[in-house]
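*Asks:* Return atomic coordinates for the entry below.
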Amino acid sequence: QLVPSGGGLVQPGGSLRLSCAASGFTLGNYAIGWFRQAPGKEQEGLSCISRSGESTIYADSVLGRVTISRDNAQNMMYLQMDSLTPEDTGVYYCAAGDSITTVQAMCLMLGVYNWGQGTQVTVPS
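*Replies:* Got it, this is the predicted structure:
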């Protein structure tokens, strides 16, 4: 199970840190990622990170403004988001792949097998 937290209402230019707690499995065994469902848009892979944390991927829409991280010892994953704009509004999901999902496949939503519930992020215009 993946349980996110940290969403909410933030003013443009502000920051949020999303967290996702894993339970019932060892998060460190899987590539993981954050995804966004914006109003009227398709779900988008925002950022993904490899099992070890050595490899990361960022979507162009968030590059330079977000940082993905993981704490395998604590079974936690995070997404630090800065310089938020109204276009960042949406429902954010954390997810994990299976034992063979690469970080590249993860962000293409190929081999995503464990989705957390969404958490709403709202940046008013």
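*Asks:* Give me the neighbour count for the residue nearest to residue 9 when sequence neighbours are not counted.
*Replies:* Leaving aside its sequence neighbours, residue 9 sits nearest to residue 122 (Cβ to Cβ, 6 or more residues apart in numbering; 4.8 Å). For the C-beta atoms, the positions are set from N, CA and C on the backbone; glycine is no exception. A count of nearby residues for residue 122, using other Cβ atoms under 10 Å, gives 14.
*Asks:* I'd guessed residue 67 sits against residue 83; true?
*Replies:* No - using Cβ atoms under 8 Å, residue 67 is not in contact with residue 83, being 11.8 Å away.
*Asks:* what about those two, which has more around it?
*Replies:* When residue 67 and residue 83 are compared for neighbours, residue 67 comes out ahead with 16 against 13, by other Cβ under 10 Å.
*Asks:* ranges for the helices of the chain?
*Replies:* Along the chain, counting by DSSP state H, helices occupy 103-107.
*Asks:* Dead centre of it: give me the residue that sits there.
*Replies:* Most central in the chain under Cα atoms, centre = their mean is residue 34, positioned 1.8 Å from the mean C-alpha point.
*Asks:* ok, back up a step: residue 51 versus the residue nearest to residue 9, what's the distance?
*Replies:* Separation of residue 122 from residue 51 (Cβ to Cβ, to the nearest Å): 32 Å.
*Asks:* same check, this time on residue 124
*Replies:* Distance, residue 124 to residue 51, using Cβ to Cβ: 37 Å.
*Asks:* Neighbour count: these two, which is higher?
*Replies:* A direct count of neighbours by other Cβ under 10 Å for residue 124 and residue 51 places residue 51 higher, at 20 against 9.
*Asks:* ok, that one to residue 99 distance?
*Replies:* If you measure residue 51 against residue 99 using Cβ to Cβ, the figure is 9 Å.
*Asks:* Are there residues contacting both of these two? Which ones?
*Replies:* Residues touching both residue 51 and residue 99 (Cβ atoms under 8 Å, 6 or more residues apart in numbering) are 29, 30.
*Asks:* what's the distance between residue 78 and residue 34?
*Replies:* With Cβ to Cβ as the criterion, residue 78 and residue 34 are 9 Å apart.
*Asks:* between these two, what contacts are shared?
*Replies:* 18, 20, 68.
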